[in-house]
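Novice: Structure, please.
(chains A and B)
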2 protein chains.
Amino acid sequence: MAIPHSLKTLLAGSALALLTAGQALAEPPALNGELRGTGDLGVVIERATGSVALVDTSARQVLRHVEGFGDLSHASVKFTRDARYAFVFGRDGGLTRLDLLTGEIDGRIIQGGNSIGGAISQDGRFVAVGNYEPGGVKVFDTETMELVIDVPATYRRPDGSTAQAKVVGVVDVPGNVFVFSLFEAGEIWTLDMSQDEPELTQYRDVGSMPYDALITANGRYYIAGLFGEDGMALLDLWHPENGVQRILPDYGQGEQRLPVYKMPHLEGWAMAGDQAFFPAVGRNEVLVADTRDWSLTNRIEVHGQPIFVMSRPDERQVWVTFAHPLNDKVQVIDTQTHEVIQTLEPGASILHKEFTPRGEHIWISARDSNQVVVYDTRTFEELARLPAESPSGIFFTHRAHRIGL
Amino acid sequence: MAIPHSLKTLLAGSALALLTAGQALAEPPALNGELRGTGDLGVVIERATGSVALVDTSARQVLRHVEGFGDLSHASVKFTRDARYAFVFGRDGGLTRLDLLTGEIDGRIIQGGNSIGGAISQDGRFVAVGNYEPGGVKVFDTETMELVIDVPATYRRPDGSTAQAKVVGVVDVPGNVFVFSLFEAGEIWTLDMSQDEPELTQYRDVGSMPYDALITANGRYYIAGLFGEDGMALLDLWHPENGVQRILPDYGQGEQRLPVYKMPHLEGWAMAGDQAFFPAVGRNEVLVADTRDWSLTNRIEVHGQPIFVMSRPDERQVWVTFAHPLNDKVQVIDTQTHEVIQTLEPGASILHKEFTPRGEHIWISARDSNQVVVYDTRTFEELARLPAESPSGIFFTHRAHRIGL
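Specialist: Numbers count the residues shown, from 1 in each chain, chains lettered A, B, ... in the order given. Take a look at the predicted model:
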């Protein structure tokens, strides 16, 4: 075989030259009842005003600010399987359905005292909400928003009395199953909604105070972070008979116990091939583990204490945001070399970020600048700066089609 | 740490019982100008009549049959980034844009003599079409459908004369790049559309007669099947400086050279963790390779010569269709045990299949039964049987949000 070689040609100065240079961005279709696809829509949580900005990722514009969502501090969002509606989980226990096509709230209930997130089932029929107060999970019909099932997170205390634990880390997995963790109880539960009679499975003694969790993109591994001790709890949902196992036993070791609200988020764990990139606790490091045996393989020094560590969809870059007071920067790590290849300063108090589905752009919320900043992830060029009131979470509709998102 | 244990509870006969048992499926919103999300739409190619069936994967119904697409034998489909429009690549060189919300053809051009597929760029602006006659790639603006650039696949024959090669395996990869193969020339080309002046890179002597290709889900590895010799050609797009390498050197060895139209499709290669499942050539086997070094690790005996080998989105199952005359069955392989766990008989002449985005269902086209059959992938229960004229390719809109799909 001849040794392959390559030849580069610039197709300039010829009939091949690109005809669309300087093409202006199309105006976004307004929300005036006109038909439009929902594949390039998204929402940005505006936490201070209890509103959301409805955005168009093709036009890179805010279509509308919608009010009336209640307390949106720490709010999160899930999309229906037709990508028309966003369910917004508010801190006040509100569950609000936003119609992305009309820009109007289509349904809203106060379902609990204090909810921190939820998930939509694989078949799209059910939306589960995890609650702090009273602790438990409530499942609603995504169409009617009627209660389908109420699962109090009841556990037995050492003294024999019972209580309801705060529920964290609610995710959906294949088989129409919800998985979640009980903070005070140190338990992981699965709720199988595939039959007319839902089945609850409880995994006890998984570790002290699970405070957040993630699910791998294939829906197989559920990993809960532990606030009360070192290590993390892993449930292999393909082999539930193995129970919950402990991984990364040194995770958190010797590190200061920070308040829960400063613990790193786990949802954004970046998986790239066999590597997992994730935030260290209380250290200015991003950690790398081998997902085949969950051994720690590297520590990457970064600007501050990482909060969200997220992989670009092609897994070639990992983007990192940081905890206060070093939350003014965003850093980009190369997943092959583990080097920090870029440091950006989008604005004040960087809270969240979201890649466009195929990864060409990233949207970053700068809360105290009241702006969402859009970058090209290849050139790091700033493409747009959009107005938003204290923006935090950013969520695009392609999540409707991903396991665990 | 206490040994974790689990406790199963059926939540029956209590206030927790599921209230929605027997809930009827919602009627699909008709295409009468009403607003609707586009996340659960799709198209089924009806090859005999040059029409497509527009389908709703939530209601599991055909919304409309749309005619006027020309010759749809071997047709394929790509979706715009807003998931509103489907570009249909016809065998007659037709490029047709279907508006999924109105159910009407929105634009149609005859751009070449014989096209076999194409791709939409990462940024959504460009649609590339690969042509057999005359051989080359044409790139159009997805909004205006105007020609942006024409790249004839010109190569030098051994006698010094030049000709245009048939273009196969057109895919999009991150960076707004198209990749494709030249059948007679034995070359792989990349076309970088990220700058105003597109850049063409040609990889020569990659192997004899590349007839189809695939791109891994992260957009990193482009793999072309070779009709003229054993092995496959691999281009690592993260390391183009390494040129094109040969993998799986025995692939096809000793196997009968079948006509191109019976060679297995490569697009559907199933990746599950570090394993790649793919069709043997001319043998009743599915092959398994380790993607870390592309070594062959197993051969799984199946019902017939596999054509499409596709992974359920959670990577736990691989579904296989077969070549004529054994194309009456579909088999399911467990990716952990490599055992055939199910054999289904959806109908006569099984041609294609598509999973719903999160994998709860699969849609299978039975051409000579004039039906599309929908199964639950967990229970293998048949859920629906929909009318379609000689159905072949099935494509759902979530592909808009995936690299290379």
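Novice: Report how many residues lie close to A:Asp82.
Specialist: Using other Cβ atoms under 10 Å in any protein chain shown, A:Asp82 has 24 other residues around it. From N, CA and C alone the C-beta is placed, and that goes for glycine too.
Novice: meant to ask about A:Arg299, not that
Specialist: Neighbour count for A:Arg299, taken as other Cβ under 10 Å: 14.
Novice: pLDDT of the helix or strand hosting it, averaged?
Specialist: Taking DSSP states H and E as the definition, one finds A:Arg299 inside strand A:295-301. Per-region confidence: strand A:295-301 scores 94 on mean pLDDT.
Novice: how about it against chain B, any contact?
Specialist: No - if you take Cβ under 8 Å from any Cβ of the partner chain as the test, strand A:295-301 misses chain B, and the best it gets is 15.3 Å.
Novice: Can you name the residues in contact with that strand?
Specialist: Identification of contacts with strand A:295-301 by Cβ atoms under 8 Å, 6 or more residues apart in numbering or on different chains yields A:248, A:250, A:275, A:277, A:280, A:284-290, A:333, A:338, A:340.
Novice: hey, C-alpha coordinates of that strand in CSV?
Specialist: Output of strand A:295-301 as CSV, limited to C-alpha atoms (Å, rounded to 0.1, in the frame of the first residue of the first chain):
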residue,chain,number,x,y,z
SER,A,295,-9.2,5.2,39.1
LEU,A,296,-7.9,8.7,39.3
THR,A,297,-5.4,9.4,36.5
ASN,A,298,-4.6,13.1,36.6
ARG,A,299,-5.1,16.4,38.4
ILE,A,300,-5.3,19.5,36.1
GLU,A,301,-4.5,22.9,37.8
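Novice: Nearest residue to A:Gly33 in space, please, no chain neighbours.
Specialist: Computed as Cβ to Cβ, 6 or more residues apart in numbering or on different chains, the closest residue to A:Gly33 that is not its neighbour in sequence is B:Leu35, at 7.0 Å.
Novice: by contact count, what packs against the one helix or strand A:Tyr203 maps to?
Specialist: Using DSSP H and E, A:Tyr203 sits within strand A:199-204. Packing contacts for strand A:199-204, counted by 3 or more Cβ pairs under 8 Å, 6 or more residues apart in numbering or on different chains; DSSP states H and E, involve strand A:187-192, strand B:5-10.
Novice: immediately after the last one, which helix or strand?
Specialist: Past strand B:5-10, heading to the C-terminal end, the next element that is a helix or strand (DSSP H and E) is strand B:41-46.
Novice: How about residues contacting that following strand?
Specialist: Outside strand B:41-46, the residues within contact range by Cβ under 8 Å, 6+ apart are B:52-57, B:62-63, B:65, B:72, B:75, B:77, B:83, B:86, B:88, B:98, B:100, B:354, B:363, B:365, B:372, B:388-397.
Novice: and chain A, which of those reach it?
Specialist: Among the contacts of strand B:41-46, proximity to chain A is found for B:57, B:83, B:100, B:397 (Cβ under 8 Å from any Cβ).
Novice: Within its sheet, name the partner strands of the strand holding A:Tyr203 and how each one runs.
Specialist: Applying DSSP bridges, strand A:199-204 is found paired with strand A:187-192 (antiparallel), strand B:5-10 (antiparallel).
Novice: and the ones you listed, which one is worst for confidence?
Specialist: Averaged per stretch, pLDDT over the strands paired with strand A:199-204 is lowest on strand B:5-10, reaching a mean of 66.
Novice: Spell out which residues of the stretch 51-200 of chain A are next to chain B.
Specialist: Counting by Cβ under 8 Å from any Cβ, the residues of the stretch 51-200 of chain A near chain B are A:57-58, A:79-85, A:100-102, A:122-125, A:141, A:143, A:146-151, A:174-176, A:193-200.
Novice: And these, which of them are buried?
Specialist: Neighbour-count burial (16 or more other Cβ atoms under 10 Å in any protein chain shown) is assigned, among these, to A:57-58, A:79-85, A:100-102, A:122-125, A:148-151, A:174-176, A:193-194, A:198-200.
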